[in-house]
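**Q** Quick one, what's the 3D model for this:
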Amino acid sequence: MSPKPIRRLAPWMLAAAGVLAGAQAWAVYPDRPVRLIVPFPSGGASDQVGRVVAQYLGQKLGQTVVVENRGGAGGAIGVAAAAQAAPDGYTLLLGTAESFGIAENLTPGQSTPAVRDFTPIALVTRIPSVFVVNPQVQARTLMEFVKLAKSQPGRYHFGSPGTGTNVHLIGEMLKARFGLDIVHVPYKGGSPAVTDLLGGQIEMMPSAVAAVAPRIKDGSLRALAVTSAERSPMLPEVPTMAEAGVPDFVAGGWFGVLARAGTPPEAVARLERELEAVTRMPEFKERMAGIGGEGKALTGRAFGDFIAAETARWRDIIKAAGVKPD
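**A** Model (predicted):
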């Protein structure tokens, strides 16, 4: 073969070599530690989920997954940090119901990061709520509470960890379903709300199951119904909303892993595969059950569709209830 054809082929050969080198590089992803941003302070449910995910995902990837708590502004600070990271698969975000689906509906029009700035990878767990009342309330079932509240408009109060939290909006869902006039009382966290519920300053609240399960078991609070599709393993004696007479009422917190939009598909595919495997691990399921977590993983497109559906649902509730950010 003459030198001229060889020169013509050289650029194609170089390009092919580059593609091969790139494929080989991604074949060993990750080759260094991965960062998982948790957009809430340490100690809460988000932090607990994030650390368990990091532990088992790290085992699957063969690399350390480091949790970085970036709390503040209802999760917005951590989400913004993840949105500004390089789209290389080495910075991940633990997304929640508050940071995706609720936040952008509370602050429409603001230039805050949204789901379009990320690639959904996997939903790892859901944490349902349970409607609880102070035992002095003369209602032993959810429908009895509804009847009681209807008979005395404005008399009853429900607490939440803060305006715009998924717990607050679950309360608004109940109000809307039955046209109830019950007063929302926002707190700075779930613990002070539960304290006031125990003391009788408020009469009812939806709460994450794990936060109130001990109080339900010792009789300090009375459970009316859980917001999951099936009974909670943590509270097997408590009926679901459907069993309590309220069909099509499934809601709660959720946690999933996302990466910056533009992350190479090879990295996304590896993360999807490993996270799905993590959620099938008996030890992972046990750790999640300990904080009230349940449910099967959703990966890729299915997780993206889930976020879109949640966003539409909360948009309607926020608009109907006239919820404004604090």
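
**Q** Could you grab the helix/strand/coil label for residue 123?
**A** Here residue 123 is recorded as strand under DSSP: H, G, I helix; E, B strand; the rest coil.

**Q** same thing with the one 4 residues further on?
**A** Under the three-state scheme (three-state DSSP), residue 127 adopts strand.

**Q** That one: how many residues sit nearby?
**A** Residue 127: 26 surrounding residues under other Cβ atoms under 10 Å. Heads up, the C-betas are built off the backbone N, CA and C, glycines and all.

**Q** ranges for the helices of the chain?
**A** Secondary structure of the chain, counting by DSSP state H: helices at 3-27, 45-61, 76-83, 103-106, 142-151, 166-178, 190-199, 209-217, 265-280, 282-289, 300-321.

**Q** Comparing the ones you listed by mean pLDDT, which bottoms out?
**A** Ranked by mean pLDDT, the helices of the chain bottom out at helix 3-27, with a mean of 45.

**Q** check contacts around the residue nearest to residue 255 when sequence neighbours are not counted.
**A** Excluding the flanking residues, the one nearest residue 255 by Cβ to Cβ, 6 or more residues apart in numbering is residue 49, at 4.6 Å. If you count contacts by Cβ atoms under 8 Å, 6 or more residues apart in numbering, residue 49 has them with 94, 124-125, 255, 288, 291, 293.

**Q** same question, residue 238
**A** Per Cβ under 8 Å, 6+ apart, neighbours of residue 238: 130, 216, 223-226, 231-232.

**Q** Please repeat the previous calculation with a cut-off of 7 Å.
**A** Taking Cβ atoms under 7 Å, 6 or more residues apart in numbering, we find residue 238 in contact with 130, 223, 225-226, 231-232.

**Q** pLDDT score for it?
**A** For residue 238, the model assigns a pLDDT of 98.

**Q** how close does it sit to residue 244?
**A** 9 Å (Cβ to Cβ, to the nearest Å).

**Q** Which neighbours do these two have in common?
**A** Counting by Cβ under 7 Å, 6+ apart, the residues touching both residue 238 and residue 244 are residue 225.
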